[in-house]
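J.: Provided below are the primary sequence and the corresponding predicted coordinates.
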Amino acid sequence: MDSAPDSALVIISGIEGNTLPFRSLRARHALLLTMAQDKCYIDVKEDSTIRVAYEYYKHHGSKRDRLLSTYYLGVIRQNAENYIEAALAFRDAEPLAIDLGDNRQLSLIDQHLSRIFSLNYDHVRSLDYAEKALDAAERAGEPLMADFCRYDVGVQLTRAYRFDEAERIFSDLLKETGSDPLLRVYIMKAMCKRLVMKTPSEYLDADRYYQAILDAGNSLSAEDYGLLALIKEKE
């Protein structure tokens with residue numbers, strides 16, 4: 001599941017879950033299928049499969065199975081933009097991860113909660129969960145995950161107009177992050193936004209970041225092009 005989720009998906013998809021003779025097997029199949037789909041970046045929006053696992057593990061099985069089925073119920077509800085129900089599922093999963101001492105899973109849960117609150121413009125709670133996710137990732141000994149969480153903290157600080165704190169985080173990450181090119185692109189884009197929003201704006205520095213992103217063969221979003229157009233207009 002972790003090393004080759006595409007192979008896991010092929011295997012588990014070859015089994016008809018509703019033909020399995022026991023509820024425990026049907027629940028296990030539903031959980032594994034949902035996990036494999038998520039790890040293969042398939043954004044499932046219908047919760048009928050994961051509910052087979054969730055309803056079973058709510059009363060049976062191990063605490064870890066209960067944690068995973070609740071977490072993936074939240075993921076699917078978030079995919080469907082059912083943010084209230086997703087947040088409730090993640091909040092139910094949070095104490096299970098704490099009880100199990102699974103800091104990696106706890107970080108993932110808090111990352112999702114941060115994203116949900118951010119989408120609903122509650123940047124205070126979004127920042128709180130981003131900081132919790134970072135703390136859990138560091139305790140889990142996951143340096144790359146921690147860097148992405150640190151980036152999320154910087155984004156939420158920017159949205160809270162705490163520009164100097166955000167800039168320090170982004171600058172430190174750019175100095176430290178040499179192994180993950182995707183994260184570097186995210187950070188440089190965030191720096192561009194930060195440099196345009198600050199007072200006084202630093203359009204030339206923002207332009208240099210955008211040119212570095214484009215020169216490396218990376219694409220820009222619509223928001224990035226809007227900021228780049230503003231930068232060129234100011235120049």
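T.: Good, I have the coordinates.

J.: following the helix or strand hosting A136, which helix or strand comes up?
T.: Element membership for A136 (DSSP states H and E) is helix 123-139. Using DSSP H and E, the helix or strand that follows helix 123-139 in sequence is helix 143-159.

J.: low-confidence stretches in the chain?
T.: Scanning the chain for pLDDT under 70 picks out 177-179.

J.: got the residue ranges for the strands in it?
T.: If you assign secondary structure with DSSP state E, the chain ends up with no strands.

J.: by contact count, what packs against the helix holding A136?
T.: helix 103-119, helix 143-159 (3 or more C-beta pairs under 8 Å, 6 or more residues apart in numbering; DSSP states H and E). Glycine gets a C-beta too; all of them are placed from N, C-alpha and C.

J.: looks like C149 contacts L134 (just checking).
T.: Yes - if you go by C-beta atoms under 8 Å, C149 and L134 touch, sitting 3.9 Å apart.

J.: joint contacts of the two?
T.: Residues touching both C149 and L134 (C-beta atoms under 8 Å, 6 or more residues apart in numbering): S107.

J.: follow-up on the earlier one: report the angle between the axes of the helix holding A136 and helix 103-119?
T.: On the basis of axes from the mean of the first three to the mean of the last three C-alpha atoms, to 10 degrees, helix 123-139 is oriented at 160 degrees to helix 103-119.

J.: what residues of helix 123-139 count as buried?
T.: Neighbour-count burial for helix 123-139 flags 123, 125-138 (criterion: 16 or more other C-beta atoms under 10 Å).

J.: D180: which of the helices and strands packed on helix 123-139 is closest?
T.: helix 143-159 (6.2 Å; C-beta to C-beta).

J.: next, the buried residues of the closest one.
T.: For helix 143-159, a neighbour-count test (16+ other C-beta under 10 Å) marks 145-159 as buried.
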